[in-house]
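1. no sequence for this one, just the structure:
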């Protein structure tokens, strides 16, 4: 089965019943039939939409043969990592206490209380293994899940969360805008069976809108993202140039992992939930004092993204797919050879600015460590303990241990 969100840890087992159940309960599976879709609006693949084109920093490779985008969950990569690790720590403590209580209750002959403690402990053990499975969707997997649109073969190659590659015929795909269970809305491509109703395949475009259902189905931002893909696949050479000119950044994670600085920037864009064109960071990253409210969330997301990206490997398509994706070595539209304006701007940053940003990032990390230590000490003092993590960190960073 196909997991469009990259958040179904059971997708790799390909149990149809499990996926359908997850879809009905959490919106995580394949879908089933068209009439079961909720809050959706069809998009016309043949009709051009007169809107600006929004790549939203999702383009990995671009040339006259194919355009490759990041997967849907790349924008929130790391969220599951830090969330799962946090709750795994809490659940581990509860399970440890549960076994202590079990031993005490059965040792003293309190059978009913022992059975109650056993039931609660078992529930937390199940939750523990579920979180481990969920964590496996971000750790020791792929750095991103590529979606490759080949305008020459008119095929779409999608690496799914189950690590398999699904191949779609562009001309058979139907697209619609949809709201999701939790995180806004997206554009999805589906294939249908001969009955015209049963969904046989599905994938989602990378950009996710965090607006309300009514605003999403109005579709301005989602249409802008969809039109980028539609115009690339359906347009002539003139429209190919229009798509090319809309792309200011190439995210070349097909060659190597993103740098810590790039990870921080992308985590910041996700944390701020900017509705601006993310190709222009001076607009999308416009800071305001209210953003202090998400500074801890931002740091946790960043740590989760670093851990997730750096424990994973770069995905590769099969030799057969690469053979169908040959690029003309003299292609004037190859943006990975002829870098767009945004990449050149970042590459031409003066050395002093790169050093200042790197030092600021390190200092920010140290400050957040102290803030976290202070928070833990406060919780400990409420419970009558005094772990003094703050004092230990101060001892470490003040280098008093050297004297």
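-> Received it, and whenever you're ready, just let me know what you need. None of these values were measured; they are calculated from a predicted model.
2. Now do the SS call for residue 222.
-> When classified by DSSP: H, G, I helix; E, B strand; the rest coil, residue 222 comes out as helix.
3. quick one, what contacts it?
-> The contact partners of residue 222, by Cβ atoms under 8 Å, 6 or more residues apart in numbering, come to 177, 185-187, 207, 209, 216. Backbone N, C-alpha and C define where each C-beta goes, glycine included.
4. That one and residue 177: what is the separation?
-> Taking Cβ to Cβ, to the nearest Å as the measure, residue 222 falls 5 Å from residue 177.
5. With residue 330 instead?
-> Residue 330 is 38 Å from residue 177, by Cβ to Cβ.
6. The two: which is more packed in?
-> Just comparing residue 330 and residue 177: by other Cβ atoms under 10 Å the higher neighbour count belongs to residue 177, 24 against 7.
7. Make sure that one is indeed in a strand.
-> Yes - assigned with three-state DSSP, residue 177 falls within a strand.
8. bridging residues for it?
-> Beta-bridge partners for residue 177, by DSSP bridges, are residue 41, residue 187.
9. Which parts of this structure are strands?
-> All strands of the chain, identified by DSSP state E, fall at 40-43, 59-62, 66-69, 147-150, 155-159, 165-169, 174-179, 185-192, 199-204.
10. Highest mean neighbour count out of the ones you listed?
-> strand 66-69 (a mean of 25; mean count of other Cβ atoms under 10 Å).
11. Can you pull out the residues in contact with that one?
-> Applying Cβ under 8 Å, 6+ apart, the contact partners of strand 66-69 are 58-62, 146-152, 205-206, 229, 232, 243, 254, 325, 327.
12. hmm, 7 Å instead?
-> Strand 66-69 is contacted from outside by 58-61, 146-151, 206, 232, 254, 325, using Cβ atoms under 7 Å, 6 or more residues apart in numbering.
13. do stretch 316-324 as well
-> 150, 153, 157, 165.
14. Just the closest of the residues you listed to residue 85, please.
-> Residue 85 has its nearest neighbour among these in residue 165, at 29.3 Å by Cβ to Cβ.
15. Show the contacting residues for the closest one.
-> So residue 165 contacts 157-159, 317 (Cβ under 7 Å, 6+ apart).
16. Could you work out the most separated pair of the residues you listed?
-> The span of these, defined through Cβ to Cβ, is set by 158 and 317 at 10.5 Å.
17. returning to what we had before: now render the strands of the chain as TSV, adding mean pLDDT and distance to residue 353.
-> Listed next are those as TSV, based on pLDDT from 0 to 100; distance: least, Cβ to Cβ, whole Å:
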stretch	mean pLDDT	distance to residue 353
strand 40-43	84	42
strand 59-62	98	25
strand 66-69	98	29
strand 147-150	98	33
strand 155-159	96	36
strand 165-169	95	40
strand 174-179	86	40
strand 185-192	89	35
strand 199-204	88	36
